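Trainee: Here is a sequence with its predicted model. Questions after.
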Amino acid sequence: MKLIGITGMPGSGKSAITKLAEKYKIVVVSMGDVVRYETLKQGMPLNPENVGNTAVKLREIHGKEAIAVPCLEYIHEKYEDEDFVVIEGIRSIYEVNYLRKNAKLDIIAIHSSPKTRFERLSGRNREDDSNDWNTFVERDERELNFSIGNVISLADYMVVNEGNYMDFMHDLENTFKTIINVN
């Protein structure tokens with residue numbers, strides 16, 4: 001099995017990988033969904049503060065590899081026979097190192113400017129998003145404290161998502177096809 005890790009700052013366009021994965025019949029496991037699930041499991045409503053605090057607590061409990069550990073266990077339990085599994089939302093270089101110790105892994109980083117990402121997040125209305133610039137910046141700082149900048153800078157592939165959505169999807173699909181060896 002080969003893992004395809006997707007990283008990028010909030011609102012960069014990481015979830016677009018889901019459409020491509022469906023097209024190629026590849027499973028997607030979202031690290032963010034794991035954190036949101038843990039937040040709800042603790043009886044807390046989904047909002048930026050609670051989800052962020054849950055992510056921090058998971059790292060306090062399980063160490064810097066926190067989200068990767070349950071994700072990889074879940075993948076082995078549910079998808080052992082798959083050739084490829086996408087892990088969307090890798091945020092820590094420690095998660096990358098843990099995954100690479102235990103599986104083959106390529107990382108795709110999705111990049112968008114803060115201004116573009118803020119506009120997207122303000123418009124998508126997910127419970128853990130904010131339309132307040134200061135809250136947006138706090139979330140970015142929290143993500144950077146998890147070492148997401150290292151993951152992005154050391155990614156195997158980089159796809160920029162600043163302009164036309166169709167151009168972005170074309171670039172992302174070409175990168176994806178390279179990894180899964182499809183022409």
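Mentor: Yes, it's here.

Trainee: So, low pLDDT: which residues of the protein?
Mentor: 128-129, 183 (pLDDT under 70).

Trainee: Just give me the longest strand of it.
Mentor: strand 104-111 (DSSP state E).

Trainee: All the strands of this structure, in order from the start?
Mentor: Using DSSP E, strands in the chain cover 2-7, 27-30, 84-88, 104-111, 157-160.

Trainee: Dump these to a markdown table, plus distance to Gly149 and mean neighbour count.
Mentor: Bear in mind the C-beta positions are built from the backbone N, C-alpha and C, glycine included. As requested, the strands of the chain are exported to a markdown table (distance: least, C-beta to C-beta, whole Å; neighbours: other C-beta atoms under 10 Å):
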| stretch | distance to Gly149 | mean neighbour count |
| --- | --- | --- |
| strand 2-7 | 10 | 24 |
| strand 27-30 | 20 | 18 |
| strand 84-88 | 18 | 24 |
| strand 104-111 | 10 | 20 |
| strand 157-160 | 13 | 19 |
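
Trainee: Figure out which of these is closest to Ala55.
Mentor: strand 27-30 (13.1 Å; C-beta to C-beta).

Trainee: Can you give the strand pairings for that closest one, parallel or anti for each?
Mentor: strand 84-88 (parallel) (DSSP bridges).
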